[in-house]
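Novice: any chance you could fold what I've pasted below:
(4 chains)
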Amino acid sequence: MARVRVQEAPFDVAAELAALTAGRTDVGGIGLFVGTVRDSAGGRTVAAMTLEHYPGMTERALAAIVAEAQARWPLIGCTVIHRVGRLTPGEGIVLVATASAHRQAALDATAFLIDWLKTRAPFWKHEEFADGGGQWVAARDEDDAAAARWVR
Amino acid sequence: MARVRVQEAPFDVAAELAALTAGRTDVGGIGLFVGTVRDSAGGRTVAAMTLEHYPGMTERALAAIVAEAQARWPLIGCTVIHRVGRLTPGEGIVLVATASAHRQAALDATAFLIDWLKTRAPFWKHEEFADGGGQWVAARDEDDAAAARWVR
Amino acid sequence: MRVLYFAWLRQKIGLAEEEVVLPESVRDVASLIDFLAARSPGHAEAFANRAVVRCAVNQDFAGPDAPVRAGDEVAFFPPVTGG
Amino acid sequence: MRVLYFAWLRQKIGLAEEEVVLPESVRDVASLIDFLAARSPGHAEAFANRAVVRCAVNQDFAGPDAPVRAGDEVAFFPPVTGG
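Specialist: Predicted coordinates for the structure are as follows:
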């Protein structure tokens, strides 16, 4: 079962993990990744980060990424939650969780989901610095490289 | 900061994740793996699983594995908890969690920790089947292969 | 045609979306950008470096050769940076 | 020497641990196994297939050539299956 959400509200990791495996006793491994707002970037102190998305396309893109993960690995459960709006350091931005009978499937699917989400889901980050001013975060080559590992 | 525990009691994933990043705002990514008791093995229904360990050596082996992960990746936090005693399907056996400024470090360190733990930490699983009888779980070649990926 | 702008393209253009009537010359994403870039100095600035502009046609990623038609929803934005 | 047994070695031997006094012939893990295997039918069965027996000397994994001495803590067990 897959759950995909784009929301302003914080997510509850424990509740999401409980829902991921609710009523199932055939799960052998659960993988989770949570991305959080860091307090610095390029040597400057980050006061906040605002996440923008493309309503409609973003949900479609996430659903397609989840469907691809389900096609590649035997997943019992799969959850992707991405927050939008203004977030402060320490807050969770994104949660990816998978459950499978087998550990490697859960670990690989979790890494795949976050890598593809980072390069294929329409979200944009704007950083506000503590010393004033702000900037749109630039895409990183290493994210493209991480995503390219999964192309086939 | 590293935390390593061998215990009979269940672990609380939310509490462990909170402790992993408590007071830190320089975390960019959190990786987690939880291994759980499956309800079947080789086509037979599993009623329970008993985990045995080598008190003293097991804690040392886990500490060495965690130290190796800390040497390889810039981890802000690292937690390994392994349960012992009798567990039933759906219960958590092992929790591995890492926090880092960077997503790839958290994902890789999490995979490394569970792969090495599976082949280098002295734990043994005994399965009880619903139809009576039981057996010691045999080591799997694929676990050796997964661990070998990290040898250098 | 409904055209949407996100992130710094939205800021430079000063609009989150606009309705445009396509001239005959606009057949694909590349010619749509030519047309849009001429609408205002903000548009021109947003589309100045096309290498860092991404496009979606009807909510699917689309390259410069992708065809566009009057009823389409077309969006322009920078490379994505979520996660 | 304190010798510990885990998992099915413990079950076959019927002991979780025992104190043994080493004869002169025992210098390393391989010769210790020779000595222990002769102590009872259970010991013989536990050590029948040495390819599936692992050893730790003073809580570090040790191969058949690893030296052993009177004061050591030596453990025998199957390949590990935790996680």
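Novice: can you pull out the strands in chain A?
Specialist: A:2-7, A:29-36, A:40-41, A:44-53, A:75-83, A:85-87, A:92-100, A:123-129, A:134-136 (DSSP state E).
Novice: just checking: what are the partner strands of the shortest one?
Specialist: If I follow you right, that is strand A:40-41. strand A:44-53 (antiparallel) (DSSP bridges).
Novice: angle of the partner strand against strand A:92-100?
Specialist: Relative orientation of strand A:44-53 versus strand A:92-100 (axes from the mean of the first three to the mean of the last three CA atoms, to 10 degrees): 60 degrees.
Novice: mind checking what secondary structure C:F76 has?
Specialist: When classified by DSSP: H, G, I helix; E, B strand; the rest coil, C:F76 comes out as strand.
Novice: still on that earlier bit, now render the strands of chain A as CSV, adding mean neighbour count and mean pLDDT.
Specialist: Any C-beta I mention is one placed from the backbone N, CA and C, and that applies to glycine too. Listed next are these as CSV, based on neighbours: other CB atoms under 10 Å in any protein chain shown; pLDDT from 0 to 100:
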stretch, mean neighbour count, mean pLDDT
strand A:2-7, 16, 97
strand A:29-36, 25, 98
strand A:40-41, 16, 94
strand A:44-53, 18, 97
strand A:75-83, 23, 98
strand A:85-87, 15, 98
strand A:92-100, 25, 98
strand A:123-129, 20, 98
strand A:134-136, 15, 96
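Novice: nearest to C:A16, of the ones you listed?
Specialist: Nearest to C:A16, of all the strands of chain A, is strand A:44-53, at 9.9 Å by CB to CB.
Novice: of all residues in chain A, which one is nearest the centre?
Specialist: Closest to where the C-alpha atoms of chain A average out (CA atoms, centre = their mean) is A:V94, at 3.8 Å.
Novice: thinking again about what came up before, just send the strands of chain A back as TSV, with distance to C:A51 too.
Specialist: TSV is the format used below for those (distance: least, CB to CB, whole Å):
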stretch	distance to C:A51
strand A:2-7	28
strand A:29-36	27
strand A:40-41	23
strand A:44-53	21
strand A:75-83	26
strand A:85-87	29
strand A:92-100	27
strand A:123-129	17
strand A:134-136	16
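Novice: closest to B:V34 out of those?
Specialist: Across the strands of chain A, B:V34 has its closest neighbour in strand A:29-36 (4.4 Å, CB to CB).
Novice: for stretch A:129-145, buried residues please.
Specialist: Within stretch A:129-145, the residues scored as buried using 16 or more other CB atoms under 10 Å in any protein chain shown are A:129, A:136-137, A:139, A:143.
Novice: does it come close to chain C?
Specialist: Yes - using CB under 8 Å from any CB of the partner chain, stretch A:129-145 reaches chain C at A:136-139, A:143.
Novice: that stretch: how far from the chain's middle?
Specialist: Averaging C-alpha positions (CA atoms, centre = their mean, to the nearest Å) puts stretch A:129-145 17 Å from its chain's average.
Novice: contacts for that stretch?
Specialist: A:41, A:44-47, A:115, A:118-119, A:124-128, B:104, C:7-8, C:78-81, C:83 (CB atoms under 8 Å, 6 or more residues apart in numbering or on different chains).
Novice: repeat for stretch A:47-63
Specialist: If you take CB under 8 Å, 6+ apart as the criterion, stretch A:47-63 is touched by A:2, A:4, A:6, A:37, A:80, A:82-89, A:93, A:117, A:120-130, C:4, C:6-7, C:56, C:59-60, C:75, C:77, C:82.
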